[in-house]
Every structure is written in structure tokens, then in C-alpha cells.
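Enquirer: following is a predicted model, sequence given first.
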Amino acid sequence: NEKQRGFSILAFVLFLISPLVSLPFIIFSIFNRERFALFTLALFFGILSYYLIPNWDLDISRYYLMYEKMLSVDFTGFKLILAEQNDYVFFFIYYLFSRTEINFQTFLLIISTLCFYTCFRIGDSIIRKFNPTRSAYFILMTSYVLSLPILAMLSVTRFSIAFVLFMLFIYNHLNNKKSS
């Protein structure tokens, strides 16, 4: 177990040097059921999100412009933006991050990593309840990861944030129902 944990740490260190080179080590760490590997995989997807170039055909280009607009407004200006929009939570998240004055790509990295990690931990928690073997865990986890809306989560659309919040709600609701 300590050796597997060490391998997971190695995957993370390699990730810091070269995310692409670390991918086989991350996959092997997931095979060994290391939860830290799930964080590293989420960070890998966050890096992909960071390097996603806003294309005018995708919604992310509009979000990029909205984020830039929020960098230059105060709270009164933000309320005017909300008067034109109908998605208060999504734009409130944008507004909060714009107050930190980080760029849009860093915002994508943070939110995308959080979204992926949340999904991975929920899937991991559910799969572990069945106490599968390592190979069964790996197959189930791989199937679960590939079934996620990866492109939407990379571009941090309203759908991806709503999807993650919905998953958290359902997961917590089911867990609270079991304990009652």
C-alpha cells in the first residue's frame, strides 16, 4: 500500500514536470485505487481546460468576453449585468473570481479541476461501496470517467457547473437517506 502511494506521488511529481508524460503513471495509480491519482487526473483535465483556445463557434468565447467585462465593473455594474442575464449563480461565480483579478484561463483551470475532481470522487465513492477488485475498479472507473461530459466540463459551461451541483445534490441526498 505504501509502495502504491509512492507511485501516486511519483505520478504527481511527473505531472508537475510534464503532464502528458505522467498520464500512464496516473492511469496505473488509478488501477491501484489511489485517490490522489484522481486529483492528479482532475488537474490534468484542468490543464487541458487552461489551454483551451476560445473559438467563436463555442460558448466559451462569449464567457471569455463576459469575464473580461466583469473585470472592469464594480458591484453596481454587476447588478446591471445580472439585469440582462437570467443565470445568477453562474455569473456570480464569474464575478467572484473576477474580483481576484486572475485571468480567464486560470479561472478555467481552477473551476474545471474542481468540477472533474468532484465528479471523480463521487464516482470513486460509489464504486468503492461495492468493494471491487483492482481490475474491476479500474474498468468501472474508466467507464465512469469516459461517460462524463468531458468537453462541457473542459469549457466550464453553465451546463458543467449545473451538472456537478446536481451530482452533488443527488449523491448527498442518497447518502443522507441511507443514514436516516
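Expert: Perfect, I can see it now. Residues are numbered from 1 along each chain as shown.

Enquirer: which positions in stretch 86-106 come out as buried?
Expert: Buried residues in stretch 86-106, defined by neighbour count with 16 or more other Cβ atoms under 10 Å: Phe90, Phe91, Ile93, Tyr94, Tyr95, Phe97, Ser98, Phe104. Any C-beta I mention is one placed from the backbone N, CA and C, and that applies to glycine too.

Enquirer: show me the contact partners of the helix or strand harbouring the fourth one.
Expert: Assignment of secondary structure by DSSP states H and E places Tyr94 within helix 88-99. With Cβ atoms under 8 Å, 6 or more residues apart in numbering as the test, helix 88-99 has contacts from 63, 66-67, 70-71, 78, 81-82, 85, 107, 110-111, 158, 161.

Enquirer: what subset of the residues you listed is buried?
Expert: Among the contacts of helix 88-99, those buried by neighbour count (16+ other Cβ under 10 Å) are Tyr63, Met66, Tyr67, Met70, Leu71, Phe78, Phe107, Ile110, Ile111, Ile161.

Enquirer: and the angle from the lengthiest helix in the chain to helix 88-99?
Expert: Secondary structure of the chain read by DSSP state H shows that its longest helix is helix 104-128. The directions of helix 104-128 and helix 88-99 differ by 130 degrees, with axes from the mean of the first three to the mean of the last three Cα atoms, to 10 degrees as the criterion.

Enquirer: can you name every helix or strand that the following helix or strand past helix 104-128 contacts?
Expert: The C-terminal neighbour of helix 104-128 among helices and strands, as given by DSSP H and E, is helix 134-147. Contact partners of helix 134-147 among helices and strands, from 3 or more Cβ pairs under 8 Å, 6 or more residues apart in numbering; DSSP states H and E: helix 19-31, helix 104-128.

Enquirer: okay, those, which one's buried deepest?
Expert: helix 104-128 (a mean of 19; mean count of other Cβ atoms under 10 Å).

Enquirer: just how off-centre is it within its chain?
Expert: 3 Å (Cα atoms, centre = their mean, to the nearest Å).

Enquirer: for it, give me every contacting residue.
Expert: Surrounding helix 104-128, the residues in contact under the criterion Cβ under 8 Å, 6+ apart are 33, 35, 38-39, 41-43, 45-52, 63-64, 67-68, 93-94, 97, 102, 137, 140-141, 144-145, 148, 153-156, 160-161, 163-164, 167-168, 171.

Enquirer: that one vs helix 19-31, what angle?
Expert: Going by the same axes, to 10 degrees, helix 104-128 is angled at 20 degrees with respect to helix 19-31.

Enquirer: what mean pLDDT does helix 104-128 get?
Expert: For helix 104-128, the mean pLDDT works out to 94.
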